[in-house]
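**Q** Here is a sequence with its predicted model. Questions after.
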Amino acid sequence: MTISIYNTVSREKEPFKPIEDGKVSMYVCGPTVYNYIHIGNARPAIVFDTVRRYFEYKGYTVDYVLNFTDVDDKIIKAANESGEDVFKVANRFIDAYLEDVEALGVKKATYNPRVTETMEDIIAFIDGLVQKGYAYEADGDVYFKPRAFEEYGKLSHQSIDELRSGARIQVGEKKEDPLDFALWKGAKEGEIAWDSPWGKGRPGWHIECSAMAKKYLGETIDVHAGGQDLTFPHHENEIAQSEALNEKTFANYWMHNGYINIDNEKMSKSLGNFVLTRELLAKHNPEVIRFFMLSVHYRHPINFSEELLASAQNSLERMKTAYFNLEHRKAASTDIDKQADSWLEKIESFKKRFDAEMDDDFNTANAISVLFDLTKEANVYLQSNQTSTHVIDAFQEAIKTLLQVLGISIEEEKDLLDEDIEALIQERNEARKERNFARADEIRDMLKEQNIILEDTPQGVRWKRG
Ligand SMILES: Nc1ncnc2c1ncn2[C@@H]1O[C@H](COP(=O)(O)OP(=O)(O)OP(=O)(O)O)[C@@H](O)[C@H]1O
Ligand SMILES: [Zn+2]
């Protein structure tokens with residue numbers, strides 16, 4: 001099966017064909033680093049890390065670029081307010097970003113370019129656009145002319161005339177047309193600035209991604225991704241800049257994640273309705289946050305709530321409990337099981353179903369349902385009188401590998417939930433009724449290992465944590 005990807009350009013799922021066999025180049029727009037990230041910002045980090053992990057699981061080598069916008073109006077403002085320089089502010093929030101996403105199981109990018117370290121390439125890119133007549137200088141600024149790029153609007157499905165009717169030239173702007181956008185901004189008094197053919201200044205926002213993608217991944221890349229709000233104008237402008245200069249398709253697949261909302265409104269810094277990722281990390285296991293994000297399809301909105309997180313926690317614990325139940329059964333299993341082959345086949349079929357869901361535009365929500373079915377099946381297997389170590393290993397390996405594709409590791413033994421304990425006690429009672437004392441003892445030992453003490457009372461079995 002090939003992977004199919006919903007491409008924002010065609011608004012359809014398209015089979016994935018890499019530019020180069022066995023390789024994927026991915027560019028994901030990164031944060032503007034003037035603040036700690038909220039969990040809305042964490043969503044693209046987690047979602048596209050999972051896309052990357054799935055490509056890798058399928059045998060691709062992935063070159064993954066995530067940029068840092070480390071100079072812009074908001075950072076300059078934050079630096080002025082705190083009395084620090086721009087670099088200090090940017091470095092602090094780059095470190096914080098990397099710390100937050102690492103906690104969430106996001107793999108390191110192949111490259112993390114910063115605007116301030118890519119200045120030469122950005123200037124050369126702008127210069128190329130001016131030479132070709134797509135951009136012009138006006139009093140120290142440089143503007144791009146979307147009208148000069150015939151396909152402008154193809155990503156966000158808007159015509160240039162529609163766009164034109166809503167656009168205005170702001171006071172002080174030196175554009176020829178309200179649609180024109182800045183590639184280079186002439187320096188204001190006292191602001192940080194770089195030398196350029198148009199005088200001192202700094203780049204506009206959109207140009208950095210065109211220049212960085214070209215520098216690190218080439219003129220055409222496989223996948224370009226970001227949050228849904230970046231479709232217009234940011235990605236539309238990136239396409240115009242890159243395709244105007246390079247005369248090649250910029251990205252073959254454009255992916256956009258849906259919003260994290262609060263009361264059905266986009267979580268954003270400007271609205272003030274945000275939950276910081278680090279606040280959430282202080283309260284919840286990072287894997288629970290990741291599992292919560294992936295339990296919804298990446299293109300759908302998520303209305304954030306503590307209840308959803310609690311339910312993610314519950315689901316993940318169930319999977320882990322199944323995994324550890326398997327672990328504890330190993331000692332009482334043998335090498336021989338006549339039914340082993342049919343169970344091994346079954347496990348294989350779950351893995352195939354998981355892959356089929358992920359192949360279908362990275363449908364992590366359905367893939368998680370398959371994982372649930374797999375753990376349920378493992379629990380059914382544990383009811384058998386005789387269990388084989390091969391089958392147990394295969395169940396464990398499947399649960400572990402598939403969770404790993406989602407960026408969730410099962411290595412550490414986690415505390416059992418109350419309801420899992422009660423379910424195990426119930427199972428032990430039934431085992432005793434059926435005179436299956438081996439299983440009954442096994443459950444007692446397993447609970448003991450987790451520091452759960454059982455007491456037989458006239459009212460039945462009671463338990464407490466030791
Ligand atoms: N509520 C959200 N849900 C999902 N993704 C989001 C949300 N808010 C921002 N993003 C994404 O986070 C990434 C980082 O973007 P950036 O640092 O520019 O944040 P931002 O868009 O300025 O955030 P805000 O809207 O809070 O000001 C982008 O890909 C953006 O699309
Ligand atoms: Zn970008």
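**A** Nice, I can see it. Ligands and ions are numbered 1, 2, ... in the order given.
**Q** what ranges do the strands span in the stretch 51-200 of the chain?
**A** With strands called from DSSP state E, counting those that start in this stretch, the stretch 51-200 of the chain shows them at 61-66, 135-138, 141-144, 181-186.
**Q** my read: residue 237 touches residue 144, true?
**A** Yes: contact criterion CB atoms under 8 Å: residue 237 and residue 144 qualify, at 7.1 Å. Backbone N, C-alpha and C define where each C-beta goes, glycine included.
**Q** which residues are common contacts for these two?
**A** residue 181 (CB atoms under 8 Å, 6 or more residues apart in numbering).
**Q** With neighbour numbers in mind, choose between these two.
**A** Set side by side, residue 237 and residue 144 show more neighbours around residue 144, with 28 against 23, by other CB atoms under 10 Å.
**Q** With residue 326 as the reference, measure out to that one.
**A** Using CB to CB, to the nearest Å, we find residue 144 at a distance of 58 Å from residue 326.
**Q** Looks to me like residue 237 is in a strand.
**A** No: counting by DSSP: H, G, I helix; E, B strand; the rest coil, residue 237 is located in no strand; its state is helix.
**Q** For it, which non-adjacent residue is spatially closest?
**A** Distance criterion CB to CB, 6 or more residues apart in numbering; nearest residue to residue 237, sequence neighbours excluded, is residue 206 at 3.9 Å.
**Q** still on that earlier bit, out of the strands of the stretch 51-200 of the chain, which one sits most buried?
**A** Of all these, strand 141-144 has the most neighbours on average by mean count of other CB atoms under 10 Å, namely a mean of 25.
**Q** Count the neighbours of residue 251 for me.
**A** Neighbours of residue 251 under the rule other CB under 10 Å: 26.
**Q** In space, what's closest to it - neighbours in sequence excluded?
**A** Once flanking residues are discounted, residue 251 sits nearest to residue 224: 3.6 Å by CB to CB, 6+ apart.
**Q** where exactly do the helices run in the stretch 201-350 of the chain?
**A** Assigned by DSSP state H, counting those that start in this stretch, the helices in the stretch 201-350 of the chain fall at 205-217, 236-246, 277-283, 286-294, 306-329, 340-359.
**Q** Throw the ones you listed into CSV and include mean pLDDT and distance to ligand 1, thanks.
**A** Compiled in CSV, these are given as follows (pLDDT from 0 to 100; distance: least, CB to the nearest ligand atom, whole Å):
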stretch, mean pLDDT, distance to ligand 1
helix 205-217, 98, 9
helix 236-246, 98, 13
helix 277-283, 96, 11
helix 286-294, 97, 10
helix 306-329, 94, 14
helix 340-359, 96, 21
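**Q** now for the ones you listed, which one comes closest to ligand 2?
**A** Within the helices of the stretch 201-350 of the chain, the stretch nearest ligand 2 is helix 205-217; the backing value is 3.1 Å (CB to the ion).
**Q** Pull the residues that contact the closest one.
**A** Helix 205-217 has contacts (CB under 8 Å, 6+ apart) with 25, 27, 29, 63, 65, 67, 69, 72, 110-111, 113, 115, 118, 121-122, 124-126, 181, 183-184, 221, 224, 233-234, 237-238, 241-242, 245-246, 250-251.
**Q** again with stretch 58-66
**A** Against stretch 58-66 from outside (CB under 8 Å, 6+ apart): 3, 18, 22-30, 52, 55-56, 107, 109-113, 212-213, 216-217.
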